[in-house]
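*Asks:* Model the structure of this input:
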Amino acid sequence: MLNDEICKLRDKLNKSIEEGEDYSIIYKLSIELDELIAKYYENLKQGKKKLDWRPIPI
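*Replies:* Below you'll find the model as predicted:
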């Protein structure tokens, strides 16, 4: 599930920062996390569109 992936990657990123990993690794993890979060919100947006759809009364 996307939520789980986001949490795992966030934890990995935080650990990398705490351990003083190389900036390029931290940057790469940050970009991956941003992409997952964007995907999460896109899925949320798509789901909401489906829920909000109502036929027009005639």
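
*Asks:* Please report how far residue 9 lies from residue 15.
*Replies:* Distance, residue 9 to residue 15, by CB to CB, to the nearest Å: 11 Å. C-betas here are computed from N, CA, C, even on glycine.

*Asks:* Which of these two has more residues huddled nearby?
*Replies:* residue 9 (18 against 11; other CB atoms under 10 Å).

*Asks:* Spit out the contact partners of that one.
*Replies:* By CB atoms under 8 Å, 6 or more residues apart in numbering, residue 9 lies in contact with 29, 32, 33, 36.

*Asks:* Would you mind listing the buried residues in the helix or strand hosting it?
*Replies:* Using DSSP states H and E, residue 9 sits in helix 2-18. Neighbour-count burial for helix 2-18 flags 6, 9, 13, 16 (criterion: 16 or more other CB atoms under 10 Å).

*Asks:* Throw those residues into JSON lines and include distance to residue 23 and pLDDT, thanks.
*Replies:* Output for these, formatted as JSON lines (distance: CB to CB, whole Å; pLDDT from 0 to 100):
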{"residue": "6", "distance to residue 23": "22", "pLDDT": "94"}
{"residue": "9", "distance to residue 23": "17", "pLDDT": "97"}
{"residue": "13", "distance to residue 23": "12", "pLDDT": "97"}
{"residue": "16", "distance to residue 23": "10", "pLDDT": "98"}
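
*Asks:* Residue 43: which of those residues is nearest?
*Replies:* Of all those, the one sitting nearest residue 43 is residue 6; the distance, using CB to CB, is 11.5 Å.
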